[in-house]
Every structure is written in structure tokens, then in C-alpha cells.
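Asks: A structural model of the following input is requested.
(one chain, ligands or ions: 1)
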Amino acid sequence: MMPAGSDSAISAPAASCGLLAGQTRGPRRHALASRLLWTTIALMHVLAPPCAAQTSQAEALQATKPPAAAGWTAEVKHRPLPSAKPRATAIRISGDATRTRIRMEVDRPIAADMLTLDEPYRAIIDVPDLEFQLPAYGANVMTGLVKDFRYGRFDAGRSRVVIDLAAPATIQNSAFTPPKGNQPGVLSFDIVRITASDFQALRGQPLRGTAEPAAAPPPQQFRVGRHEAGPAGQPSNSLAQSGAPPISSAPRPKTRPVVLIDPGHGGIDPGTVGAGGITEKSVTLAVAKEVRALLQQGRRLDVYLTRDADNFVTLDQRVHLSRQYQADLFVSIHADNLAEKELANSIKGATVYTLSDRASDEKARRVAEKENAADIAAGLAAVPASAEEQVRNILLDLVERETANYSLGFRNLLLSSMRGRVPLAKDPQRSAAFKVLKQDEVPAVLIELGYMSNAEDLARLGKADGQRQLATSIAAAITTFFAHKEAQAKR
Ligand SMILES: [Zn+2]
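Replies: Just a heads-up that it's a prediction; the model follows:
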């Protein structure tokens, strides 16, 4: 299970206590949050009686003892209070491989859209933007038809739970039981195994057998979806909403070369999750932001990111942004992972990929397959085969184009810039059919910064110094690439 939402979130006492609303994300702000919390609790002590107990079923956060001050000495437990967003506090899975019941505890009534997808079989639950405060789930909670699940932000105002299913299935008995007293509300439904042919027969039809008990919120608040065959559940088309900076549809007059940095994954799709819960999506975003900051100091390039927050952006949207921005260089940033544990110690270092119809080797093919599955992880429908076919044709044209040469040129610059600064993999120049690199006019590379499965690499990827080292080598190569181009143009 991969928690794809905020990595660590606590909620501060909220507006109902009249003092402080909001939430704080991420370990770096943790200390600050504790201090704020203490300040708030101390103020509450002076100004008002404590709010009515609203003990969360999520882990209670023990606030650290503040410095001795103003006669305040008691130990106080953090009690999350209602936040601006509905909060999910637990997901419970029970049952067997024929019928598996899912119960998601939420602190207030929410709407839900549900659908099922194949290739691979998944159940998708779309809900309003939720604050996920779920305990860390181990593999042991994966029960019955649930192989894995992930949750997190999908697009503006929408969160998503994606359940990877062990077999074709349908959803039945969906309902929402509102919160009552100390009991949280529960969004519940059954995942029921059906045959593959029944799944095909049900395509496009509403999910059946859903119950609407009296306790459920009004019908307009609770929707059930369908067995879906088409490209359903796509995130909002608005790129601005996807977390990318807003762009106008009219071509902008370009005054400087444009670099588009593409931090891999985001939102519902965490990418690889390394030891200690470090997510690929957070590493790629941190490095991308650092690259942008370094390049902006030079003032010679316009630098954009495909996302600059923890948002999900589809692979197509990333490529689309490259066109919209009229990018002169596209740099996608990822981190690799090795499933074979016995090799985790020995396989490490960065790799730079360029686009190729045929992968340079089997490893490269597998990496492209994994990165190309990002949309699937986020619960998007599989790309129809015909679209894949079209892509292949573009690729054949592409190899003959100038763009491919520029991509190779940049890859070489990048590798020589990285060499000596950061460890490289044994065979660091590879190629494969990455979807985000399929851009016929924009030189594009994909960097795997290192292996999250390797302790040494992970230590670099997870820390600010290591991220800075990586970003410095990338920014230096980008600067050299455009300096060469400029020099060539003057000749
Ligand atoms: Zn990745």
C-alpha cells in the first residue's frame, strides 16, 4: 500500500475553537506545527475551556513538552479537530476472495463516484478533496480481492482511492453511514468477484446492486459509477488545475529559450516508495524545484515545471505542456527501484534515457514500462492498442529527425556533468519507449536519479544536500546545452 497523500499531516485545532484553522504538511514543518499547537493550547487554556472532545481514531500525536512558561506544565495530547477538508482516518478491509468489504472512515458525509476498470482490474473511488490521515498499512491488510491500494490527490478538488484487484469484480452495496457521536462516518462497499466475461458484458453499464440505506446522505451527494471501458476518470483537462502553471492557448512571444522540467509522479501516484516512506514523487519535485532555482539565477532561460506541488499530472498532459510552452528542452526526473532485493546493494547510480522505439536492453524496457504505468497507478483507463500503434509510427519518423540528435547531445552533456558529482550507474546511457519522451520537436531526456532500493542512493535522494548535488549537475548541463546552441547559431 502506498500512501500517496500528504506524507505526514497533522491538523491544528480548527476554527470551531476560534483560534487556528488549517493543517501543516511534511516533516520539516513538524517542529513548527508542534510549537503552534502548544501556543494554541496555551492560549486556549487562558482564553477558553477546552473544546468538546473530538478524539480522532487516527494516532494521537503526543505534543512535546514546551519550555517552562507561564505556569503551564501539564502533558497535553493533540486532539485533531475538524479541519477545512473532510478527513479520512482509516480504511478497513475484510472478507475473502469472493466478496471483500471496504470501509473508509470519514469525519463527515462525502460524495463518492465509483467505477471499475480492467487492464489491470481496478476499482476507482473518486471523492472530494480529502485529508488522508491514515495509519501506515502493511501488506497484511491486503485481503481477499484487494491486492494493493493507494490514495491521494487526483486533481483540483478531487481525491481518489485506487484499489488494485486480484480478479475481475464489480462493486455492490455502496453506502455512506453518517458520523454519529464519537463514531466516524463510513463509506462502505463490497467488491464482488465476477467472471472476466461478465466484466466485459457489464462494460459501460451502471454498477448494480447498490444499496441506499436510509442513513445515506441525499442521493445527489452519493453517486455510484459504472463498469468503465473508455478513458474514464481522467483528471480535469485544465492544466492550470492540474498544478501546472496557467498557460494561455495563444502562442506567447518567446524571448528566451524555454526549459520544461518534469518531476515524475505526484498526487495519487507516489511512484516508488523507499525505506522510511520516502516517495519518488517528493524526491523528483524537490530536485526539479532546485534545478529551476539554479537556472533562474542565470537569467538566460525561462524555466517551467510540469507540476510544482503534490499533484497528479497525466503523461499526456506533461507532453502537452511541452508543446504549449514551446519548450526547447524537456527534462523528466525520476528515481529507479529494483525489485530484486539481492541486487539492491550492488545496483546504484543515475541513468539518463533517451527515446527509442526499441529499448537498449531488457532493463531499460522494464524501466519504461514502469514509468509508462503512472497513469494506470492513478486509476486511468489503459491506452487502447491503436493509440500505441500510432505512437510507434511517430517513433519511426522521429529517429531521423534532428530532435533525436539534440536529445543525444544533451544526454552526453548531462552524463559528463553528472560524472564526478554524483554516482552513475554502470551503463548510464540507455534508451527506451518512454511516453513522456515522445515529442517530435522537443529534445527530451528522462533521468533516473538513482535507485531508491539502494541505501546509499536513497540517502542522497532523500536529503537536501544530495538533491542539491543532483540538481547542480542537471542545471550545469542545461546551461551548457543552451550555450552551445547559442554559439552554433552565431556561427
Ligand atoms: Zn518514476
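
Asks: And the helices in the stretch 101-250 of the chain, which stretches?
Replies: Per DSSP state H, counting those that start in this stretch, the stretch 101-250 of the chain carries helices over the ranges 196-201.

Asks: For the ion, what is the nearest residue in the stretch 101-250 of the chain?
Replies: Across the stretch 101-250 of the chain, the shortest distance to the ion (CB to the ion) belongs to Arg150, at 14.1 Å. For every residue, glycine as well, the C-beta is placed using N, CA and C.

Asks: mind checking pLDDT for that residue?
Replies: Arg150 is assigned a predicted lDDT (pLDDT) of 91.

Asks: which residues touch the nearest residue to Ala476 once chain neighbours are set aside?
Replies: Once its chain neighbours are removed from consideration, Ala476 has its nearest residue in Ser417; the separation is 4.7 Å (CB to CB, 6 or more residues apart in numbering). Ser417 makes contact with 473-474, 476-477, 480 under the criterion CB atoms under 8 Å, 6 or more residues apart in numbering.

Asks: Now do the lengthiest helix in the chain, average pLDDT.
Replies: Taking residue count as the measure and DSSP state H as the definition, the longest helix of the chain comes out as helix 464-490. Confidence over helix 464-490 (mean pLDDT, whole number) is 95.

Asks: what's the answer for stretch 96-116, then?
Replies: Stretch 96-116 comes out with an average pLDDT of 92.

Asks: then that stretch to PDB, C-alphas only?
Replies: Output in PDB follows, covering the C-alpha atoms of stretch 96-116 (Å, rounded to 0.1, in the frame of the first residue of the first chain):
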ATOM      1  CA  ASP A  96     -12.400 -13.100   1.200                       C
ATOM      2  CA  ALA A  97     -11.500 -13.600  -2.500                       C
ATOM      3  CA  THR A  98     -15.200 -13.800  -3.500                       C
ATOM      4  CA  ARG A  99     -16.500 -10.800  -1.600                       C
ATOM      5  CA  THR A 100     -14.300  -8.200   0.000                       C
ATOM      6  CA  ARG A 101     -15.800  -5.400   2.100                       C
ATOM      7  CA  ILE A 102     -14.100  -2.000   2.200                       C
ATOM      8  CA  ARG A 103     -15.000   0.600   4.900                       C
ATOM      9  CA  MET A 104     -13.400   4.000   4.800                       C
ATOM     10  CA  GLU A 105     -13.900   6.100   7.900                       C
ATOM     11  CA  VAL A 106     -14.500   9.800   7.100                       C
ATOM     12  CA  ASP A 107     -15.400  12.500   9.600                       C
ATOM     13  CA  ARG A 108     -18.300  13.900   7.600                       C
ATOM     14  CA  PRO A 109     -20.600  12.900   4.700                       C
ATOM     15  CA  ILE A 110     -18.900  12.900   1.300                       C
ATOM     16  CA  ALA A 111     -20.000  12.200  -2.200                       C
ATOM     17  CA  ALA A 112     -18.300   9.300  -4.000                       C
ATOM     18  CA  ASP A 113     -18.100   8.200  -7.600                       C
ATOM     19  CA  MET A 114     -17.100   4.600  -8.200                       C
ATOM     20  CA  LEU A 115     -16.100   2.700 -11.200                       C
ATOM     21  CA  THR A 116     -14.200  -0.400 -12.200                       C
END
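
Asks: ok, how many other residues are close to the nearest residue to Arg401 once chain neighbours are set aside?
Replies: Among residues not flanking Arg401 along the chain, Asp440 sits closest, at 6.7 Å (CB to CB, 6+ apart). Residues near Asp440, counting by other CB atoms under 10 Å, number 14.

Asks: Enumerate every residue touching the closest residue to Thr98 other than its chain neighbours.
Replies: Setting aside the residues directly before and after it, Thr98 is nearest to Arg193 in space (CB to CB, 6+ apart), at 5.1 Å. In this structure, Arg193 makes contact with 97-99, 145, 167-169, judged by CB under 8 Å, 6+ apart.

Asks: Give me the subset of the residues you listed that also touch the ion.
Replies: Restricting the contacts of Arg193 to those within reach of the ion (CB under 5 Å from the ion) leaves nothing.

Asks: does Arg92 count as helix, strand or coil?
Replies: Of the three states, Arg92 takes strand according to DSSP: H, G, I helix; E, B strand; the rest coil.

Asks: so how many other residues sit close to it?
Replies: That count, for Arg92 with other CB under 10 Å as the rule, works out to 13.

Asks: So what's the residue count around the residue nearest to it when sequence neighbours are not counted?
Replies: Here the nearest residue to Arg92 in space, its sequence neighbours aside, is Arg103; by CB to CB, 6+ apart that works out to 4.4 Å. Using other CB under 10 Å, Arg103 has 15 neighbouring residues.
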